[in-house]
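Undergrad: structure here, sequence nowhere to be found:
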C-alpha cells in the first residue's frame with residue numbers, strides 16, 4: 001500500500017510540474033499575442049496620422065501572418081480644395097503665422113469632408129485633396145458647405161480670397177511605398193490632375209466650384225438639386241476625350 005501511495009505521489013508531482021510548464025508556456029504565448037496585438041494597434045495609430053487609414057486597410061492584406069502590400073485601383077469622386085494666391089498671401093507672414101493661417105483654414109473645411117464620408121488623401125499649401133467612394137453627391141454637398149462657410153468668413157476677412165474647388169470622377173491607383181520604418185501612400189490618377197486643374201482656373205470664371213460633366217452625371221437629378229451653368233469643354237490628353245465643365249454656385 002505504501003508503495004502504491006508513493007508511486008501515485010510521484011505521478012502527481014510529475015503531472016503538477018508538467019501542468020505548471022504547460023501553463024507557463026500558455027501564459028507566455030498569451031502575453032506574446034497581446035504584445036503583438038498592442039504593437040499592431042500602435043502601428044495603425046501611427047499610420048492614421050500619416051496616411052488615410054481607410055486607404056491603408058484597402059492596400060494592406062495579411063496572409064499566413066505576413067503583411068502584404070496590394071495596390072488598389074478604385075473609382076472615386078475627387079475633390080481638390082485650395083487657394084490660388086497662397087504664396088502672395090503668406091509672403092509677409094512669419095513662420096508661426098503661416099501655420100496658424102493654414103490650420104485655421106483646415107479647421108473650417110476638413111470636417112465637412114469627413115462629415116460626408118470623404119477621405120483626405122493629402123494636404124498641400126492651405127488646402128487638400130480628398131476622395132469620396134460613396135457618392136458624388138456627398139462630395140458636391142461637402143464642397144457647397146465649405147464654400148458657404150468661406151463666403152461667410154470672407155465678409156469679415158480676406159482669408160478665403162481666391163479659394164476654389166475642383167471636382168472630377170474616375171479611377172485612382174493607390175498603394176504604400178517605402179519600408180516598415182517609413183511609409184507613404186502614393187496615388188496615381190489623371191483625374192486628380194483634372195480636379196487640380198479645375199481648381200486653378202476657377203477664379204478666371206469667377207467660380208468657386210468647377211466640376212466635370214462625368215462627375216455631375218453621377219448625381220441623380222443633378223439639375224433639380226444644384227444650381228449650375230455649363231462653361232464649355234476641356235480636352236483630356238490622357239483619355240483623348242472632351243469633358244464638359246460646369247460651374248456650380
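TA: The structure has been received and is ready for your questions. Model, not experiment: these values are computed from the prediction.
Undergrad: so what strands line up beside the lengthiest strand in the chain?
TA: When the chain is parsed with DSSP state E, its longest strand is strand 163-179. Sheet partners assigned to strand 163-179 using DSSP bridges are listed as strand 72-83 (antiparallel), strand 182-188 (antiparallel), strand 209-212 (parallel).
Undergrad: closest one to residue 199 among those strands?
TA: strand 72-83 (4.3 Å; CB to CB). Placement of C-beta: from N, CA and C, glycine included.
Undergrad: right, and the helix or strand after that closest one?
TA: Using DSSP states H and E, the helix or strand that follows strand 72-83 in sequence is helix 86-90.
Undergrad: contacts for the very next helix or strand once past that next one, please.
TA: Of the helices and strands lying after helix 86-90 in sequence (DSSP H and E), the nearest is helix 95-115. Helix 95-115 is contacted from outside by 79, 81, 83, 89-90, 93, 119-120, 123, 125-128, 130, 142, 145-146, 149-150, 153, 159-160, using CB atoms under 8 Å, 6 or more residues apart in numbering.
Undergrad: state the distance from residue 77 to residue 249.
TA: Separation of residue 77 from residue 249 (CB to CB, to the nearest Å): 19 Å.
Undergrad: for residue 8, give me the pLDDT.
TA: Here, the pLDDT recorded for residue 8 equals 59.
Undergrad: apologies, that question was intended for residue 127.
TA: 92.
Undergrad: does it have beta-bridge partners, and which?
TA: residue 124.
Undergrad: show me what contacts it?
TA: 80-83, 105, 109, 163, 199.
Undergrad: show me which of those is closest to residue 35.
TA: residue 109 (39.7 Å).
Undergrad: related to what we said a few turns ago, which of the strands paired with strand 163-179 is buried the deepest?
TA: By mean neighbour count, with neighbours taken as mean count of other CB atoms under 10 Å, strand 209-212 ranks first of these at a mean of 28.
Undergrad: need the contact partners of the helix or strand following that one.
TA: Note on strand 209-212: by DSSP H and E, the next helix or strand toward the C-terminus is helix 213-217. Identification of contacts with helix 213-217 by CB under 8 Å, 6+ apart yields 77, 136, 139-140, 167-170, 222, 228, 243-246.
Undergrad: just checking, residue 227 touches residue 248?
TA: Yes - between residue 227 and residue 248 there is a contact at 6.9 Å, judged by CB atoms under 8 Å.
Undergrad: perfect, that will be all.
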